[in-house]
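Asker: pasting the sequence and the predicted coordinates here, then a few questions.
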Amino acid sequence: MNAIWAPTPAAMRRIALAGVLSTAVIIVTGAAVRLSKSGLGCPDWPQCTRSSLVAAHTRGDPMFHTWIEFGNRMVTVVVTVVAVAVLIAAWRFRPQGRRRADLVWLAVAQPAGVVAQIVVGGIVVLTNLNPAMVSLHFVVSIAVVAAAVALHVKCTEGTAPARPLIRADLRLLVYGVVAVAAVMLAAGTVVTGTGPLAGAGAVPRYHLPLTGVTQFHSDIGWLMGGLVLPLVAGLRLTRVPVRVMRLGWLLLGLLAVQGAVGYTQYFTGLPAGLVWVHVSGSLLIWIVALRLMFAVRDRGPLSQPPSHPAGKAGVSAARAEPEPAPAG
């Protein structure tokens with residue numbers, strides 16, 4: 001508890017990481033609910049059924065659907081506890097003896113996101129899994145993940161003006177990758193909401209041609225690959241920090257695997273398990289793309305006072321270690 005009430009930089013980073021992980025977990029469990037057609041396993045909200053707060057048998061619906069949906073709701077309780085802990089820790093965190101407003105606002109996004117998800121989730125159930133509301137449910141989660149990742153990065157860095165660690169053209173590619181990744185994630189929700197895994201037979205779907213929306217989603221994936229490949233090549237040919245290079249390679253590898261899984265699931269009839277792997281892969285790509293975006297600039301160490309001049313050091317010197325003082 002002391003780690004939350006009086007967090008050290010290391011404790012703050014661990015708590016922020018817990019925020020990232022808990023938000024990621026609720027996304028993959030939510031995907032399991034969707035893909036197993038268990039979204040109406042608890043047909044009421046906020047109770048599971050009209051007569052029971054917890055999982056109970058509902059006529060015409062296998063009990064395992066009820067437990068899957070109810071289990072996902074219980075995961076939300078854990079996510080809420082973590083989100084509140086993150087907010088308290090960020091509020092109490094005092095690097096350099098003062099509160100960091102930027103960290104507090106990023107932390108606020110997590111409990112606020114949970115509240116938004118509870119409201120949207122209730123609307124999803126009460127509208128019989130309306131595909132637009134289900135898509136919004138996922139998009140809100142992705143936005144909360146972005147805030148959680150930003151908090152995890154920023155809680156260990158200073159507030160000096162950002163110094164670029166890579167060339168301007170490569171930074172533009174990085175920003176483009178993040179933007180395209182966001183569009184690709186949103187398009188993926190439309191594909192799922194159009195296809196057979198949107199829910200049981202009576203569940204509404206997008207009135208769109210499945211082949212067309214799948215092709216559009218695939219085209220966005222190829223566009224992202226067309227950005228990541230020259231980005232990695234550019235990073236490889238220039239002097240960049242090792243961490244940036246590793247994140248670039250990781251992103252390229254994940255994108256290749258994701259593409260292979262995507263085509264395999266399409267040509268094998270969209271098996272739910274493989275689609276779940278694809279959704280989980282998209283989440284990993286999103287997190288790595290965000291980490292790469294933050295890794296290409298430097299705001300100095302956490303102990304550096306905000307007024308400390310950033311200097312005019314070149315890109316290659318941005319990560320240089322300070323030289324030891326001469327003896328004597």
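Answerer: Sure, I can see it.

Asker: contacting residues for the most centrally placed residue in the chain?
Answerer: Geometric centre of the chain, nearest residue: Val145, 3.4 Å, by Cα atoms, centre = their mean. When contacts are counted by Cβ atoms under 8 Å, 6 or more residues apart in numbering, Val145 is found next to 20, 23-24, 27, 283, 286-287, 290. C-betas here are computed from N, CA, C, even on glycine.

Asker: again, only using 6 Å
Answerer: Thr23 (Cβ atoms under 6 Å, 6 or more residues apart in numbering).

Asker: name the element it belongs to?
Answerer: Assigned by DSSP states H and E, Val145 belongs to helix 131-154.

Asker: cool, and Gly262?
Answerer: Going by DSSP H and E, Gly262 is in helix 242-267.

Asker: pull out the buried positions in that helix.
Answerer: 244-245, 247-248, 250-252, 254-255, 258-259, 261-262, 265-266 (16 or more other Cβ atoms under 10 Å).

Asker: same deal with stretch 208-223?
Answerer: For stretch 208-223, using 16+ other Cβ under 10 Å, the buried residues are 208, 213-214, 216-218, 220-221.

Asker: so which residues of this protein form strands?
Answerer: 163-164, 297-298 (DSSP state E).

Asker: ok so, going back, so which of the buried residues of helix 242-267 comes closest to Ser38?
Answerer: Gln265 (19.3 Å; Cβ to Cβ).

Asker: identify the residue nearest the closest one in space, chain neighbours excluded?
Answerer: Leu274 (4.3 Å; Cβ to Cβ, 6 or more residues apart in numbering).

Asker: related to what we said a few turns ago, now the strands of the chain as JSON lines including mean pLDDT?
Answerer: Supplementary listing: those in JSON lines, determined by pLDDT from 0 to 100:
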{"stretch": "strand 163-164", "mean pLDDT": "94"}
{"stretch": "strand 297-298", "mean pLDDT": "93"}
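
Asker: His152 is nearest to which of these?
Answerer: From those, taking Cβ to Cβ, the stretch that ends up closest is strand 297-298, at 15.6 Å.

Asker: before we move on, the earlier item: look up how far Met224 lies from the residue nearest to the centre of the chain.
Answerer: Applying Cβ to Cβ, to the nearest Å, the value for Val145 to Met224 is 17 Å.

Asker: and the gap between Val86 and Ala18?
Answerer: The value you get for Val86 to Ala18, if Cβ to Cβ is used, is 7 Å.

Asker: those two - which one has more neighbours?
Answerer: The neighbour comparison of Val86 against Ala18 (other Cβ atoms under 10 Å) goes to Val86, with 32 against 18.

Asker: before we move on, back to that, list just the nearest of the buried residues of stretch 208-223 to Thr238.
Answerer: Gly221 (26.2 Å).

Asker: can you pull out the helices in the chain?
Answerer: In the chain, the helices defined using DSSP state H lie at 2-5, 9-35, 63-92, 101-126, 131-154, 168-194, 210-237, 242-267, 272-295.

Asker: check what pLDDT the residue nearest to the centre of the chain gets.
Answerer: Model confidence at Val145, expressed as pLDDT, equals 97.

Asker: now swap in Leu35 and tell me
Answerer: 82.

Asker: deepest of the strands of the chain, which one?
Answerer: strand 297-298 (a mean of 19; mean count of other Cβ atoms under 10 Å).

Asker: domain-wise, how is this structure divided?
Answerer: 1-156, 160-303 (automatic domain parsing).

Asker: quick one on the thing from earlier: would you mark the buried spots in the helix holding Val145?
Answerer: 131, 133-138, 140-142, 144-154.

Asker: how close does Asn2 sit to Arg92?
Answerer: In terms of Cβ to Cβ, Asn2 sits 10 Å off from Arg92.

Asker: the more surrounded of these two?
Answerer: Arg92 (14 against 8).

Asker: who's in contact with the more buried one?
Answerer: Applying Cβ under 6 Å, 6+ apart, the residues near Arg92 are Trp5.

Asker: 7 Å instead?
Answerer: 5-7 (Cβ atoms under 7 Å, 6 or more residues apart in numbering).

Asker: understood, closing this out.
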